[in-house]
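Visitor: Fold the following, please.
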Amino acid sequence: MGVSREQIERPRGQVDLLIGFEYAGYHPIRLQAVDHLLVLENRFGRCLGGTHPAITERTRRILAATAMIHYVSTCSLDQFMTLESMGVECNPRCGNCRCGKCPIGSKDYTLKEERELALIDQNLVFQGSHWEAAYPWIKDPANLPDNRHVAFATLRALERRLERDPTKAQVYDAQMKDMIDRGVARAIPKEEMASYKGPIHYIAHHEVLKPDSKSTPVRIVFNSSANNKGHILNDYWAKGPDMMNSLLGVLLRFRENEVALVGDIRKMYHSVFTTLKDQHCHRFLWRGMRTGEDPKTYCMKVVNMGDRPSATIATVALKKTAELGKDKFPEAASTIQQNVYVDDILESVPTLNKARIHAQEIDQLIKPGNFFLNKWVFSGGLDKDDEEWPSKENSEKVLGISWNPKRDVFHFITRINFAQKKKR
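Guide: Model (predicted):
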């Protein structure tokens, strides 16, 4: 080829400089070619590329399904990842390198978050029909002040606001009665008030308007972030990591197959019960808008939505429920692990019949953990006798996005047939 051995001899020893692919001006260009053997040249000189039967390679070749991969074993994978992460590596690494800050981590957890998650996980006990969670206290709850007088003052302010709108007051009282009827809150008997010697704390509650919600236009919110003489209840607990699945991943899998199904878990946080100590640290006052009477003392029996670790506790309990039933319902368990965002379950499957079976399996999977679905919504296409697409009515909110299940494509061929029918 008219090229001397010295011109193409490779250098030996340590690498002095690595040039990135983005430096296009440094890329070698082809000078000559004989079959698959090339002579390449750039500003640093010439080199051989390609392959030839007479050339003995010292690299290992791995035959893949569609290509031949050349693998040069110069360093271990751990060494390569360490070099790649210089300056950004988490130090010290957490157990089994799972913090997500390390180069080969699988979750974006810091060392602190991983410890908090372990604390929350070990405090969850399955009671046969539900989960019971002991809150992850990082401060001694005995230091919490008995703030009943503050809770009473807040109650009076709430009552004055509700008195201006009798309808709102009626809905608020109905919400309170519903919590008691469902067993998520209870009145504390006088005997228990007198005998209990553990930590005590009262949480204030107030109304939040949700005019777009048909089921709960007025929602009761318990405030665990109120400051009382420098004590904030939420500061006494570990938060744990963000356990939510990737929103983009959930939405992409939701549109992956022909038939979509959506379900939302009913009162997800209220599905997990708490210990007696945690209940007495969630006392509250209410008297049914009868302002002339002394208020009664109640307490929350379940995880409260406004608490710092509540999202992690509820999510871990749901996923542990899926683990318990994954041998019987493997596909349903996979959906719970990957396709749940907060309390919404999104999935897609090839057929409507498969969607209905899958929904039933999910219902059966999460029921032992005291989790229940409000409803299931399935996407659908046109029936053979439909003359036009349905109207924009009956749209659903899916993770904040309007979705019309009736207009959603059931089968791609349905839309093609419909278009052809309209043309005729």
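Visitor: all strands of the stretch 1-150 of the chain, in order?
Guide: 29-34, 37-42, 45-50, 60-63, 68-71, 124-126, 131-133 (DSSP state E, counting those that start in this stretch).
Visitor: just so I know, which of those strands lies nearest Thr154?
Guide: strand 131-133 (26.1 Å; CB to CB). For the C-beta atoms, the positions are set from N, CA and C on the backbone; glycine is no exception.
Visitor: Only alpha carbons, please: show stretch 263-283 as PDB.
Guide: The C-alpha trace of stretch 263-283 is given here as PDB (Å, rounded to 0.1, in the frame of the first residue of the first chain):
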ATOM      1  CA  GLY A 263     -57.400   3.400  38.600                       C
ATOM      2  CA  ASP A 264     -56.900   5.500  41.700                       C
ATOM      3  CA  ILE A 265     -56.400   4.100  45.200                       C
ATOM      4  CA  ARG A 266     -59.100   5.200  47.600                       C
ATOM      5  CA  LYS A 267     -57.700   7.200  50.500                       C
ATOM      6  CA  MET A 268     -54.300   5.700  50.100                       C
ATOM      7  CA  TYR A 269     -52.700   7.200  53.200                       C
ATOM      8  CA  HIS A 270     -55.600   6.300  55.300                       C
ATOM      9  CA  SER A 271     -55.100   2.600  54.400                       C
ATOM     10  CA  VAL A 272     -52.100   2.400  56.800                       C
ATOM     11  CA  PHE A 273     -52.800   2.400  60.500                       C
ATOM     12  CA  THR A 274     -50.500   3.800  63.300                       C
ATOM     13  CA  THR A 275     -49.400   2.900  66.800                       C
ATOM     14  CA  LEU A 276     -51.000   4.200  70.000                       C
ATOM     15  CA  LYS A 277     -48.200   6.600  70.600                       C
ATOM     16  CA  ASP A 278     -48.500   8.100  67.200                       C
ATOM     17  CA  GLN A 279     -52.300   8.400  67.600                       C
ATOM     18  CA  HIS A 280     -51.900  10.500  70.800                       C
ATOM     19  CA  CYS A 281     -49.400  12.700  68.900                       C
ATOM     20  CA  HIS A 282     -52.200  13.300  66.400                       C
ATOM     21  CA  ARG A 283     -55.000  14.500  68.700                       C
END
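Visitor: ok, back up a step: how about the strands of the stretch 1-150 of the chain in JSON lines, adding mean pLDDT?
Guide: Shown next, in JSON lines, are the strands of the stretch 1-150 of the chain (pLDDT from 0 to 100):
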{"stretch": "strand 29-34", "mean pLDDT": "84"}
{"stretch": "strand 37-42", "mean pLDDT": "85"}
{"stretch": "strand 45-50", "mean pLDDT": "81"}
{"stretch": "strand 60-63", "mean pLDDT": "50"}
{"stretch": "strand 68-71", "mean pLDDT": "47"}
{"stretch": "strand 124-126", "mean pLDDT": "96"}
{"stretch": "strand 131-133", "mean pLDDT": "97"}
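Visitor: what about those, which gets the closest to Pro405?
Guide: Across those, closest to Pro405 is strand 131-133 (CB to CB), at 31.8 Å.
Visitor: thinking again about what came up before, packed most tightly, which of the strands of the stretch 1-150 of the chain would that be?
Guide: strand 131-133 (a mean of 21; mean count of other CB atoms under 10 Å).
Visitor: So which residues make contact with that one?
Guide: If you take CB atoms under 8 Å, 6 or more residues apart in numbering as the criterion, strand 131-133 is touched by 120, 123-125, 271-275, 278, 303, 313, 317, 320-321, 369-370.
Visitor: Would you mind splitting this protein into its domains for me?
Guide: 5-74, 91-133, 141-243+268-307, 312-423 (automatic domain parsing).
Visitor: so which of the ones you listed comes closest to Leu252?
Guide: Between the domains of the chain, domain 312-423 lies closest to Leu252; by CB to CB that is 9.7 Å.
Visitor: Okay, now the unreliable bits of this structure?
Guide: 1, 10-11, 15-17, 21, 55-108, 211-217, 381-394, 409-424 (pLDDT under 70).
Visitor: Show me where it has its helices.
Guide: Using DSSP state H, the helices of the chain run over residues 5-8, 77-84, 111-122, 148-163, 166-181, 190-195, 247-254, 276-280, 310-325, 330-338, 352-366, 412-423.
Visitor: Need those helices in TSV (columns: distance to Tyr135 and mean neighbour count).
Guide: Formatted as TSV, the helices of the chain follow (distance: least, CB to CB, whole Å; neighbours: other CB atoms under 10 Å):
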stretch	distance to Tyr135	mean neighbour count
helix 5-8	70	11
helix 77-84	37	11
helix 111-122	9	18
helix 148-163	19	15
helix 166-181	19	15
helix 190-195	19	10
helix 247-254	28	15
helix 276-280	5	19
helix 310-325	8	21
helix 330-338	24	18
helix 352-366	23	18
helix 412-423	50	12
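Visitor: okay, those helices in CSV with distance to Ile138 next?
Guide: Converted to CSV, the helices of the chain look like this (distance: least, CB to CB, whole Å):
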stretch, distance to Ile138
helix 5-8, 65
helix 77-84, 33
helix 111-122, 8
helix 148-163, 23
helix 166-181, 28
helix 190-195, 27
helix 247-254, 29
helix 276-280, 14
helix 310-325, 14
helix 330-338, 28
helix 352-366, 30
helix 412-423, 53
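Visitor: Which one of those helices lies nearest to Lys229?
Guide: Judging the helices of the chain by CB to CB, what sits closest to Lys229 is helix 148-163, at 9.1 Å.
Visitor: now the closest one against helix 166-181, angle please.
Guide: Between helix 148-163 and helix 166-181, the angle comes out at 130 degrees (axes from the mean of the first three to the mean of the last three CA atoms, to 10 degrees).
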